[in-house]
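Attaching a predicted model along with its sequence, questions to come.
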Amino acid sequence: MTAAGPSFDRATALRTAGVFVFTAIALLPIGATIMLSLRPRPGGEPALISLQNFRHVFETSLVLDWLGNSLMVSLFTVVAAIIVSAPAGYVISRGRHKVIEGYSLLLFIVQSLPIITAVIPLFILFARLGLADHLGALVIIYVAGSLSVATWMMAAYFDSIPAALEEAAWIDGCSVFGGFVRIVLRNSLPGVLSTAIFTFLLSWNDYLVAIVFLKSDDSFTLPIGLQSFFQQTSTDWGAVMAVSVITMMPPVILFALLNRYFSVGGIGGSLSSQ
Amino acid sequence: MGAMTIREARKNYGAVEVLHGVSLDIEDGEFVILVGPSGCGKSTLLRMIAGLESIASGEITIAGRTVNGLAPKDRDIAMVFQNYALYPHMTVEENMGFSLKLAGVPVAERKERVAAAAEMLGLEPYLGRHPRQLSGGQRQRVAMGRAIVRNPQVYLFDEPLSNLDAKLRVQMRSEIKLNHQRLRTTTVYVTHDQIEAMTMADRIVVMRDGTIEQIGTPLELYDRPANLFVAGFIGSPAMNQLPGRLEGGTFVAEDGTCIPLPGDVSGVSGRDVVLGIRPEGFLPAMEGLTAEVVTVEPTGSETQVMLRLAGQVLTAAFRERVTQRPGDAITLGIEHAHLHLFDAATGERIGPDL
C-alpha cells in the first residue's frame, strides 16, 4: 500500500456514493410510477401488490391498439431514418466538396428549428393529402424531424472508420456503394444503434405532433392514449400509472437487449496501431 | 504484360499543384521505389496509379491500357496500405479471399488460392483468426496476402513497413523482396526510408516537391547523384557537403583548405562549387589532409568519426578501428570514387567524373 492509497479509496467511495445519490434521484419518479401502478383500484380487493390497474386498462381502453400503433410508427421511423441518414452521413463524412460542406452546415441550422413551428402548416397540407389522423403522417414528420441529427450522428461515427478500409475494398473490387455497405456500414453497428435509439425515442415519446394529427381513439399512439385518462373533473391515477408503465417498457427492453452491442464492433485489429 | 507508363501526370488540390508533370516508365516485373521526404508527392502519385486520387492531367497506362477514367476495381492492381486496412469483421481467410469472392471465383478455387498465398507467407495457422487477434507483423503479412491472392498486373505498396519495429522491418523487407523475386510482378513501392529503397528496389525514383529529381538503380544513385538533394538523401550516413571554389585542379574550401582533385576539372575552374564526400570515402593515411577528431562512434563493423575539417564538422566511416581520441589529429586520404562536384548555385552535378 502506498501512502496515497487511503485518500484514493476515500475519493472512490465518495464518487460511488455520489453516483448512488444521483441515480436514486433520477429513478425516484420512475419507481413511484411503478409502485402506484401496482396499487389496488378503489373498491377493488385490498392487497399490497395487485395488477388490477393493468387489468382495468386492458379491459376498458384500446391500450393494446395504442401500443401497436406506437411500435409501428417507431419501427417505420427508425428504419426509414437509418436508410436515409446512413448514406447521407457517409457522404458528409467523406465528401470534401463545397456543396457537401454547405449542405452539412444547412443540416446543422435546420436541426435547431423546433418541428412544432411547422406542425400547423403541415397539418393543413397533410389534411389535403388525406393524411390527417393517419399514422403515416407521423412517420413522415418524425423521419424528417430526426434526419438532420441522425445524419450528423452517422457522419460522426463514419469519421472514426478509416478511409483506407473502403479504399482497400474499392481496390478489391467493390463499387463506392458496395464498399460503403459491405465494409463501412458493416463495421458501424454501434453508430447505427445509437442513431436508431435516438430516432426511436424521438418518435416513441412524441406528444406534440401526435396530438395535432391524431383524432380517433384507435389511431392514438401511447402518449395520446395516456392523455385520454385525464378527465376534466377527475383523473384515474391508477390507470394513468399503468399505461405509463406500459409506455416505459419497450424502450427499457430495447436498451437492455442492445446494450452489449454498443461496446463491441468498431474497427479493432484492422489497423497497425491497434 | 504489367508494364506501366506515367506521362506528364499532374495533380492539384484547389489552386495548389502538388505534382508538376511527372513522367515515368516502369517495365514489366520491375520493382520501383518512390522515395522522398514527406510531402514530396510520392503517396499522391501512388494513389493516382491506384485510382484513389483523380488525375488532373496527363496519362497513366497499365499493361498498355489507359486507366485515367477507370475505377480502382477495374485497374487490375492490388495495394498494401500503410495501416494495412484489414477488414475487421472478416477472418484472415475472408480478408484474403474477399477480392476473389467479389470477382465470382468459385469457392473451391478461392480456398485453394488463399491457401497457396497463406503457405507462402506462413499464415496457415491464422486463417481462422480475426485481425484483432494478430500481431503487427502478422497483420502486415495478411495485407500482403490479400494482394498476392489476386495475382494482379501491379502491386502498390504505401509505406507498408513504417508501423513495424526495427527488427521486424528488416525481416519483412527481405520477405517482400523474396516474394517479388518469386512472383516477378510489377511493383511500385512508396517509402521515405532510403535504406528500404536502396535494399529492395530495381530502380529508385527520388522525388521532391512534386517533381522527380532522379531515376536510377540504387547504385547509380549512390555513385552518380544528379544533384545535391539526391546526394544528401541517398546513403547513410549522409554525404558530407563542403562549399568552396575550384581553382585549377584543386578544390579550395571557404577557410582556404585545399583538396586536390583527380581528373580534369580545368574546364570548370573558377566556379563556386560544393564538394561532396561520402563518409566511407575517407581513409586513414600516412599523409594527406589533417583533421581533428570530434567524436568516435564504434559500431563494431565500422567506426564513425566526426571530424573537424576545413572549418566544418564532417562524418567519416572507417572499416578500420580508430585509435585516436577526441581532440587528437588524424591524417586522412580520400578515395576518389567517393568525391562528387556540384554547382553551388543550382545544386546540379558537374562533370567530368572525378
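Looks like it arrived, so ask away.

All the helices of the stretch 1-150 of chain B, residue numbers only.
Applying DSSP state H, counting those that start in this stretch to the stretch 1-150 of chain B gives helices spanning B:42-50, B:92-102, B:107-121, B:136-150.

of all these, which lies closest to chain A?
helix B:92-102 (3.6 Å; C-beta to the nearest C-beta). All C-beta atoms are positioned from the backbone trio N, CA, C, and that covers glycine.

How far off centre is the closest one?
31 Å (C-alpha atoms, centre = their mean, to the nearest Å).

For that helix, name the packing helices and strands.
If you count contacts as 3 or more C-beta pairs under 8 Å, 6 or more residues apart in numbering or on different chains; DSSP states H and E, helix B:92-102 packs onto helix A:163-172, helix B:107-121, helix B:136-150.

sorry, back to before: same list (the helices of the stretch 1-150 of chain B) but as TSV, adding distance to B:I62.
Below are the helices of the stretch 1-150 of chain B laid out as TSV (distance: least, C-beta to C-beta, whole Å):
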stretch	distance to B:I62
helix B:42-50	8
helix B:92-102	17
helix B:107-121	22
helix B:136-150	14
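
how about those helices, which one is nearest A:V73?
Of all the helices of the stretch 1-150 of chain B, helix B:92-102 sits nearest to A:V73, with 38.6 Å by C-beta to C-beta.

Might you enumerate the residues of the stretch 101-250 of chain B proximal to chain A?
By the rule C-beta under 8 Å from any C-beta of the partner chain, the part of the stretch 101-250 of chain B lying against chain A is B:102-103, B:130-134, B:136, B:139-140, B:146, B:150, B:163-164.

Okay, now the unreliable bits of chain B?
Counting by pLDDT under 70, chain B shows low-confidence ranges at B:1, B:264, B:266-267, B:352-354.

Tell me which residue is most central in it.
The residue lying closest to the centre of chain B (C-alpha atoms, centre = their mean) is B:A197, at 2.7 Å.

quick one: A:S175 and A:L226, what's the gap?
Look at A:S175 and A:L226: by C-beta to C-beta, to the nearest Å, they are 48 Å apart.

Tell me which of these two has more neighbours.
More neighbours surround A:L226 than the other of A:S175 and A:L226, with 23 against 15 (other C-beta atoms under 10 Å in any protein chain shown).

Where does the more buried one sit: helix, strand or coil?
helix (DSSP: H, G, I helix; E, B strand; the rest coil).

quick revisit: kindly reformat the residues of the stretch 101-250 of chain B next to chain A as JSON lines containing neighbour count.
Shown next, in JSON lines, are these (neighbours: other C-beta atoms under 10 Å in any protein chain shown):
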{"residue": "B:L102", "neighbour count": "16"}
{"residue": "B:A103", "neighbour count": "12"}
{"residue": "B:H130", "neighbour count": "19"}
{"residue": "B:P131", "neighbour count": "26"}
{"residue": "B:R132", "neighbour count": "15"}
{"residue": "B:Q133", "neighbour count": "14"}
{"residue": "B:L134", "neighbour count": "19"}
{"residue": "B:G136", "neighbour count": "17"}
{"residue": "B:R139", "neighbour count": "27"}
{"residue": "B:Q140", "neighbour count": "25"}
{"residue": "B:R146", "neighbour count": "28"}
{"residue": "B:R150", "neighbour count": "23"}
{"residue": "B:N163", "neighbour count": "17"}
{"residue": "B:L164", "neighbour count": "19"}
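
Tell me which two in those are the farthest apart.
The most widely separated members of those, counting by C-beta to C-beta, are B:A103 and B:L164 (30.1 Å).

sorry, back to before: could you dump the helices and strands packed on helix B:92-102 to CSV with distance to A:P250?
CSV is the format used below for these (distance: least, C-beta to C-beta, whole Å):
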stretch, distance to A:P250
helix A:163-172, 35
helix B:107-121, 42
helix B:136-150, 42
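
nearest to B:Y222, of those helices?
Nearest of the helices and strands packed on helix B:92-102 to B:Y222, taken as C-beta to C-beta: helix B:136-150 at 27.7 Å.

tell me the angle of the very next helix or strand once past that closest one relative to helix A:163-172?
On the C-terminal side of helix B:136-150, the nearest following helix or strand under DSSP states H and E is strand B:154-158. Relative orientation of strand B:154-158 and helix A:163-172, computed by axes from the mean of the first three to the mean of the last three C-alpha atoms, to 10 degrees: 180 degrees.

Could you measure from whatever residue of chain B ends up closest to chain A over to B:P88?
Of all residues in chain B, B:R132 sits closest to chain A, at 2.6 Å by C-beta to the nearest C-beta. Computed with C-beta to C-beta, the distance linking B:R132 and B:P88 is 7 Å.

Checking my notes, A:I183 in a helix, right?
Yes - remark: A:I183 belongs to a helix, assigned using three-state DSSP.

Show me what counts as buried in stretch A:167-180.
A:E167, A:A168, A:A169, A:W170, A:I171, A:D172, A:G173, A:C174, A:G178, A:G179, A:F180 (16 or more other C-beta atoms under 10 Å in any protein chain shown).

Tabulate those (CSV), appending distance to A:W152.
As requested, the buried residues of stretch A:167-180 are exported to CSV (distance: C-beta to C-beta, whole Å):
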residue, distance to A:W152
A:E167, 24
A:A168, 26
A:A169, 24
A:W170, 25
A:I171, 30
A:D172, 30
A:G173, 31
A:C174, 26
A:G178, 25
A:G179, 22
A:F180, 17
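
Quick check: which of those are also close to chain B?
A:E167, A:A168, A:A169, A:W170, A:I171, A:D172, A:G173, A:C174, A:G178.

Go through those and name the one nearest B:I204.
Proximity of those to B:I204 (C-beta to C-beta) peaks at A:I171, which lies at 24.5 Å.

Tell me if I'm right that that closest one and B:L70 touch.
No - contact criterion C-beta atoms under 8 Å: A:I171 and B:L70 do not qualify, at 11.7 Å.

which residues are common contacts for those two?
B:G51 (C-beta atoms under 8 Å, 6 or more residues apart in numbering or on different chains).

Regarding stretch A:166-184, how distant is the last residue from the first?
7 Å (C-alpha to C-alpha, to the nearest Å).

average pLDDT across that stretch?
Averaged across stretch A:166-184, pLDDT comes to 94.
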